[in-house]
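sequence first, predicted model second:
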Amino acid sequence: MVLFRGGSVLSKFCSRVVHQPSTSYRSVRWLQVQSAPQEDLRAQLQELIPEQQERLKKLKSEYGKVSVGDVTVDMVIGGMRGIKGMLWNTSLLDPDEGIRFRGHTIPECQNILPAAIFGGEPLPEGMLWLLLTGKVPTMEQVSALAKELQSRAKVPDHAFKVIDSLPETAHPMTQFTTGIMALQVQSEFQKAYEKGIPKTKYWEPTYEDSLNLIAQLPIIASYIYRRIYKGGKIIPSSDSLDYAANFASMLGFNDPKMHELMRLYVTIHSDHEGGNVSAHTVRLVGSPLSDPYLAFAAGMNGLAGPLHGLANQEVLRWIKSVVVEVGTDVTTDQLKEYVWKTLKSGQVVPGFGHGVLRKTDPRYTCQREFALKYMPDDPLFKVVSQLFEVVPPILLELGKVKNPWPNVDAHSGVLLNHFGLSEDRFFTVLFGVSRSLGTLSQLIWDRALGLPLERPKSVTMDWLESYCNKTAAAVGA
Ligand code: CMX
């Protein structure tokens, strides 16, 4: 009998998947669930694509000339902030409310997506289904997708050899993108394109590549982790675990709470609309029909920047440096002093601020709730909570920071650290594995909708000055 959070019972189709409505944890026995046609993700997409193609065609023909906003000089020189210039269907970010995945907030996803344990965190397979189809999956669909991902999770030997050719000291993100590039030789899209596949069928090998990549990334990531930090002792994949639990297990973590954390982690890091550096890079590099491996590897190089995904590594380091200097019983005044010291040395306070958000990131909030439930007495969690009080007023005092509130990276490291994953240099790889779910789902749709090559217009400073002078003169005349 399967019990969903809302209490619905799905015993008819899924009698062997057992959840206990208690604090005990049980792994879902995925492979015992037989898949039926309605559980075939590819078939579901096949059905959805024509109606979405029609929808886009209508939008273009009826409203193609409607303006969706003005571009100011500030936007041109300010990293294109706020310019609405990209179609991205899998998620949408509201500055105050935060992310919605296909229209659903994080708390809603925690309620409606199937979980591995009663009242537990959503299964990433469910999030992948939601991102790809826009529909909330049943447990049978999620189980079938988990099974499909397992069948695709076979990494060719050469990929490990390519990673091994790098020094162990290479940053884990360098090893990660190298591993992804090594997987590229298996690209179905590249092979199909070379054979002359018609445009109408592009999405099909894109789907194959994307699902293969999503399935294989945890193996590449855990290989890198075990290689660098655990003397190369590799833990094989387990057929009886779901995507996130299996990933945690391959990393070497078997605490059921850590499996729950990984489910939450992968789910909330999966997508953050299209304009962030990693997502936008996947879109941009995919747009000239570079295959999913090439596009995703490029996105991961963007994620590796300290103002983006690498901030999760920076946050834990920063918190640990506070503790080394002042101890875990740090007072508010000591923390304030440390924040000012960081700012005065010309550095940013990692984990705070955002390019779009103007309130506390709901991805921070749900991680805080996780910490309150599973590790309320963790000393570093206490520091994270204190920082929530101390940092925003200081950043506001600077007078230039648009969002003083914590983002997703302010919390994740302390949670991982609590369960034993303390090697902060590895954190961005976890972010990267998770980000595959959203960016590759969207890439499949880019190909299905026939979205064109990205080619925004750039201008020179001369052009801008001359344009502004002419505009000012016209207004004055
Ligand atoms: N600490 C110190 N200064 C900060 C700051 C922070 N946390 N956040 C913003 N600022 C500064 C900016 O550096 C900028 O200064 P200058 O004008 O001197 O260049 C000024 O405030 C205005 O920046 P903004 O418009 O508020 O923010 P941006 O959109 O330019 O940048 C971000 C957003 C995330 C890069 C920035 O807030 C930052 O550097 N935060 C710390 C790093 C971090 O946590 N990144 C992770 C973000 C989430 C993610 O992508 O994973």
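Alright, I've got the coordinates.

for the stretch 351-477 of the chain, what lies in contact range of the ligand?
Counting by CB under 6 Å from any ligand atom, the stretch 351-477 of the chain comes close to the ligand at 351-355, 395, 400-403, 407-409. Heads up, the C-betas are built off the backbone N, CA and C, glycines and all.

tell me where the stretch 1-150 of the chain is predicted with low confidence.
1-37 (pLDDT under 70).

helices of that one, residue ranges please.
Applying DSSP state H, counting those that start in this stretch to the stretch 1-150 of the chain gives helices spanning 41-63, 73-77, 106-112, 124-133, 139-152.

biggest separation within the residues of the stretch 351-477 of the chain next to the ligand, which pair?
Farthest pair in those (CB to CB) is Lys400 and Val408. Separation: 22.2 Å.

which one of the helices of the stretch 1-150 of the chain lies closest to Val324?
Checking the helices of the stretch 1-150 of the chain against Val324 by CB to CB gives helix 106-112 as the closest, at 33.0 Å.

and the contacts of the closest one?
Under the criterion CB atoms under 8 Å, 6 or more residues apart in numbering, residues 5-6, 98-99, 101, 104, 121-122, 127, 130, 136, 267-268, 362-363, 365-366 lie in contact with helix 106-112.

now the residues you listed: which count as buried?
Among the contacts of helix 106-112, those scoring as buried are 98-99, 101, 104, 121-122, 127, 130, 136, 267-268, 362-363, 365-366 (criterion: 16 or more other CB atoms under 10 Å).

let me know the closest of those residues to His259.
Closest to His259, out of all of these and judged by CB to CB, is Glu121, at 9.1 Å.

how close does the closest one get to Ile319?
Remark: distance between Glu121 and Ile319 (CB to CB, to the nearest Å) = 24 Å.

also Gln44?
Between Gln44 and Ile319 the computed distance is 43 Å (CB to CB).

same check, this time on Asn407
15 Å.

same check, this time on Leu211
37 Å.

so which of the two has more stuff around it?
Shown here are Leu211 and Ile319; by other CB atoms under 10 Å, Ile319 has more neighbours (25 against 22).

mind checking the SS state of that one?
Under DSSP: H, G, I helix; E, B strand; the rest coil, Ile319 falls in the helix class.

that one touches Gly413, doesn't it?
Yes: the pair Ile319 / Gly413 is scored as a contact, 7.3 Å apart, by CB atoms under 8 Å.

burial of the closest residue to the ligand within the chain, as a residue count?
Per CB to the nearest ligand atom, Gly353 is where the chain lies closest to the ligand, at 2.1 Å. By other CB under 10 Å, the residues close to Gly353 number 21.

same thing with Gln334?
Neighbour count of Gln334, defined by other CB under 10 Å: 16.

do Gly103 as well
By the criterion of other CB under 10 Å, Gly103 has 10 neighbours.

for it, which residues are in contact?
Counting by CB under 8 Å, 6+ apart, Gly103 makes contact with 92, 134.

follow-up on the earlier one: list the ones among the residues of the stretch 351-477 of the chain next to the ligand that fall in helices.
395, 409 (DSSP state H).

would you list the residues of the stretch 351-477 of the chain next to the ligand in a markdown table and tack on pLDDT?
Converted to a markdown table, these look like this (pLDDT from 0 to 100):
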| residue | pLDDT |
| --- | --- |
| Gly351 | 98 |
| Phe352 | 98 |
| Gly353 | 98 |
| His354 | 98 |
| Gly355 | 97 |
| Leu395 | 98 |
| Lys400 | 97 |
| Val401 | 98 |
| Lys402 | 97 |
| Asn403 | 98 |
| Asn407 | 98 |
| Val408 | 98 |
| Asp409 | 97 |
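
closest one to Thr90 out of the residues of the stretch 351-477 of the chain next to the ligand, please.
Within those, proximity to Thr90 (CB to CB) peaks at Val408, which comes in at 16.9 Å.

contact partners for the residue nearest to the closest one when sequence neighbours are not counted?
Leaving aside its chain neighbours, Val408 sits nearest to Arg363 (3.9 Å; criterion: CB to CB, 6 or more residues apart in numbering). Shown in contact with Arg363 (CB under 8 Å, 6+ apart): 98-99, 106, 268-269, 407-408, 411.

can you give the contact residues for stretch 166-184?
Stretch 166-184 has contacts (CB under 8 Å, 6+ apart) with 155-156, 158-159, 162-163, 190, 212-213, 216-217, 220-221, 223-225, 227-228, 291, 293-294, 296-297, 300-301, 303-304, 310, 425-426, 428-429, 432.

send me it as CSV with only the CA atoms.
Output of stretch 166-184 as CSV, limited to C-alpha atoms (Å, rounded to 0.1, in the frame of the first residue of the first chain):
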residue,chain,number,x,y,z
LEU,A,166,43.7,14.3,-14.0
PRO,A,167,45.6,14.9,-10.8
GLU,A,168,43.5,14.1,-7.7
THR,A,169,44.1,17.6,-6.7
ALA,A,170,42.1,19.0,-9.7
HIS,A,171,39.0,20.7,-8.4
PRO,A,172,36.0,18.2,-8.3
MET,A,173,34.1,20.5,-10.8
THR,A,174,37.0,20.2,-13.3
GLN,A,175,36.9,16.4,-12.9
PHE,A,176,33.1,16.5,-13.2
THR,A,177,33.0,18.5,-16.5
THR,A,178,35.9,16.3,-17.8
GLY,A,179,33.8,13.2,-17.0
ILE,A,180,30.8,14.7,-18.8
MET,A,181,32.9,15.5,-21.9
ALA,A,182,34.2,11.9,-21.8
LEU,A,183,30.5,10.7,-21.9
GLN,A,184,29.9,12.8,-24.9
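
do it and the ligand meet?
No: Stretch 166-184 is not in contact with the ligand by CB under 6 Å from any ligand atom; minimum separation 13.3 Å.

now find how far off-centre that stretch is within its chain.
From the chain centre to the centre of stretch 166-184 is a distance of 19 Å (CA atoms, centre = their mean, to the nearest Å).

so which elements touch the helix of greatest length in the chain?
Assignment by DSSP H gives helix 203-229 as the longest helix of the chain. Applying 3 or more CB pairs under 8 Å, 6 or more residues apart in numbering; DSSP states H and E, one finds that helix 203-229 makes contact with helix 41-63, helix 139-152, helix 157-164, helix 172-183, helix 188-194, helix 243-251, helix 292-303, helix 427-448.

most remote residue from the protein's center?
Distance to the chain centre peaks in the chain at Ala477, reaching 51.3 Å (criterion: CA atoms, centre = their mean).

and the pLDDT at that residue?
Reading off the confidence values, Ala477 has pLDDT 71.

just Thr328 next, same as before
89.

I'd like the numbering to begin with 628 instead of 1 from here.
Sure thing, new numbering starts at 628, so read that last one as Thr955.

in this structure it contacts Lys1009, no?
Yes: counting by CB under 8 Å, Thr955 touches Lys1009, with 7.0 Å between them.

look at the two and report which has more neighbours.
Set Thr955 next to Lys1009 and count neighbours by other CB under 10 Å: Lys1009 wins out with 16 against 12.

which pLDDT value does the model give the more buried one?
Among the per-residue scores, Lys1009 holds a pLDDT of 96.

next, it: phi, psi?
With angles defined as degrees, to the nearest 10, Lys1009 sits at phi -60, psi -40.
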